[in-house]
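[1] I'd like to go over a predicted model; first the sequence, then the structure.
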Amino acid sequence: MKQPIGFIDQTKPTHVCRLKKAIYGLKQSPREWFATLTGHLQSLGFKLSSSDPSLLLYNHNGVQMFFLVYVDDIILTGSCSKALKKLIDNLHATFTMRDLGSLSQFMGIQVTPTSYGLHLSQSRFAQSILTRAGMTNCNPVSTPSYLKSSIKGLTASYSNPTFYRQLAGCLQYLTLTRPDITYTVNKVCQHMQNPTILHFEALKCLLRYIQGTLHIGLPLFRDKSVLQSYSDSDWAGDTKDQKSITGYCNFLGSSLISWCTKKQNTVARSSTKAEYRALASAAAEITWIWRLLQELNCSHHESTPLFCDNTFAIALANNPVFHARTKHIEVDCHYIRTCIKDKTTQIHHIPTKDQLADLLTKPLPAPRFKFLAHKLVQPLETTT
């Protein structure tokens, strides 16, 4: 560091100013603020979560409190109202803060109390995306994706790629409460480097679907905390590079708590390999959820059922004898066997028609799409 040109002190040319506090806007200020806040909370008895660095936990004398922070936005909850008030008063005395009362909005996510629990939605954010795209009066469609054979041609480059990237980035954030658009957003974001007119048409189809489903959100139910997972794969689903698509979703009771759509890194030589990789990804997510639930004092003692519609992948995960026919499967994929051995997960077969993760791996006809989308946001009976 050095003094700026034109402002050099002739008596102390090698000196620089030492900041006593991080100035808002500097790159290091968020890190310094987080260190200061968490350091103060740890002095009060909070501990940093090992599963989520943004979560701090307090558990003393039967009192539990959970403190979730994103930069300067905070959610605080706990089992004792007196302890919560005491903590809030302490924070007010130490930092300049505002108490906004009961949770109603956090990071653009609207939180509505209901008879069954909570309902999360981003309808205002979705409306702002449509306004930005100039599609507030567009005609809605029943599905977010065209079928593979629906449109052809239109391979010329799109004239405004920056606009395409802006909309795609906004749609990525919308998937926090909209699992029904996760697959389509994943496909849209794969072409941000050089979008064509065809890709922009696919983006407009997604926006037209959002126009007709603005008030769809994610319900969180107050029910039994039984964890179960669904895993699926679309073998060679990407027609351009023949890579497969992994999709999985995890339920805690009737509440959908995590989901993923991701193109696999390498080409799978068989549908079994593609499904097996999807199982390994889902098992890794289950392991993380287990650790987080243990920290929240909601630990599970039973294996998590993981549903898959590929019988050979299930047999391969449970039986390590098939080495001669599966030597091409990487060692890291065999992580699923460790999870079964440790009784973290237990894999079960499920008919393809009941596979909820099917929605996250491919474009579907309207009846099938509506059936699965409805299942993802409705109470589910615990399967044994």
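    Noted; the coordinates are in hand.

[2] count of residues packed around residue 263?
    15 (other C-beta atoms under 10 Å). Placement of C-beta: from N, CA and C, glycine included.

[3] cool, the one 4 residues further on as well?
    Here the number of neighbours of residue 267 (other C-beta under 10 Å) works out to 14.

[4] is it true that it touches residue 242?
    Yes. Contact status for residue 267 versus residue 242: in contact at 5.3 Å, counting by C-beta atoms under 8 Å.

[5] list residues touching both of those two?
    Here residue 267 and residue 242 have residue 236 as joint contacts, going by C-beta atoms under 8 Å, 6 or more residues apart in numbering.

[6] report the secondary structure state of residue 12.
    Here residue 12 is recorded as coil under DSSP: H, G, I helix; E, B strand; the rest coil.

[7] quick one, phi psi at it?
    Dihedral angles of residue 12 (phi, psi; degrees, to the nearest 10) stand at phi -130, psi 70.

[8] do the same with residue 372
    Per-residue torsions, residue 372: phi -70, psi -40 (degrees, to the nearest 10).

[9] how about it: what's its closest non-neighbour residue?
    Using C-beta to C-beta, 6 or more residues apart in numbering and skipping residues adjacent in sequence, the residue nearest residue 372 is residue 359, 4.1 Å away.

[10] ok, now how distant is that neighbour from residue 375?
    8 Å (C-beta to C-beta, to the nearest Å).

[11] who has more neighbours, the two?
    Neighbour tally, residue 359 and residue 375, criterion other C-beta under 10 Å: the higher count belongs to residue 359, 26 against 16.

[12] the more buried one is in contact with residue 370, isn't it?
    No. At 10.1 Å, residue 359 and residue 370 do not qualify as touching, with contact defined as C-beta under 8 Å.

[13] which residues of the stretch 51-200 of the chain fall in helices?
    Using DSSP state H, counting those that start in this stretch, the helices of the stretch 51-200 of the chain run over 81-94, 123-133, 161-174, 182-189, 197-212.

[14] what's the answer for the stretch 251-384 of the chain, then?
    For the stretch 251-384 of the chain, the helices defined by DSSP H, counting those that start in this stretch cover 271-295, 311-318, 335-341, 366-376.

[15] chain center to the shortest one: distance?
    Centroid displacement of helix 335-341 relative to its chain, using C-alpha atoms, centre = their mean, to the nearest Å, is 24 Å.

[16] who's in contact with it?
    Here helix 335-341 has contacts from 276, 279-280, 283-284, 286-287, 303, 317-318, 320, 345-347, using C-beta under 8 Å, 6+ apart.

[17] report how many residues lie close to the closest residue to residue 291 other than its chain neighbours.
    The shortest distance from residue 291 to any residue other than its chain neighbours is 4.7 Å, reached at residue 51 (C-beta to C-beta, 6+ apart). Look at residue 51: counted by other C-beta under 10 Å, it has 15 neighbours.

[18] is it true that residue 51 touches residue 288?
    Yes. Using C-beta under 8 Å, residue 51 is in contact with residue 288, at 6.3 Å.

[19] who does the residue lying closest to residue 49 once chain neighbours are set aside form a beta bridge with?
    The spatially closest residue to residue 49, leaving aside those adjacent along the chain, is residue 55, at 4.0 Å (C-beta to C-beta, 6+ apart). Residues in a beta bridge with residue 55, per DSSP bridges, are residue 68.

[20] please parse the protein into its domains.
    29-96, 120-212, 223-376 (automatic domain parsing).

[21] mind giving me a markdown table with those and columns for distance to residue 106 and mean pLDDT?
    Shown next, in a markdown table, are these (distance: least, C-beta to C-beta, whole Å; pLDDT from 0 to 100):
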| stretch | distance to residue 106 | mean pLDDT |
| --- | --- | --- |
| domain 29-96 | 6 | 93 |
| domain 120-212 | 9 | 91 |
| domain 223-376 | 16 | 88 |
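
[22] closest to residue 8 out of these?
    Closest approach to residue 8 among the domains of the chain (C-beta to C-beta): domain 29-96, 25.9 Å.

[23] how about the contacts made by the residue nearest to residue 291?
    Residue 51 makes contact with 288, 291, 292, 295 under the criterion C-beta under 8 Å, 6+ apart.

[24] compare those residues and tell me which is most surrounded.
    residue 295 (18 neighbours).

[25] hang on, that residue packs against residue 56?
    No. Using C-beta under 8 Å as the test, residue 295 is too far from residue 56 to be in contact (10.5 Å).

[26] need the residues touching each of those two.
    Shared contacts of residue 295 and residue 56 (C-beta under 8 Å, 6+ apart): residue 49.

[27] before we move on, back to that, for the residue nearest to residue 49, give its distance to residue 48.
    Taking C-beta to C-beta, one finds residue 55 at 8 Å from residue 48.
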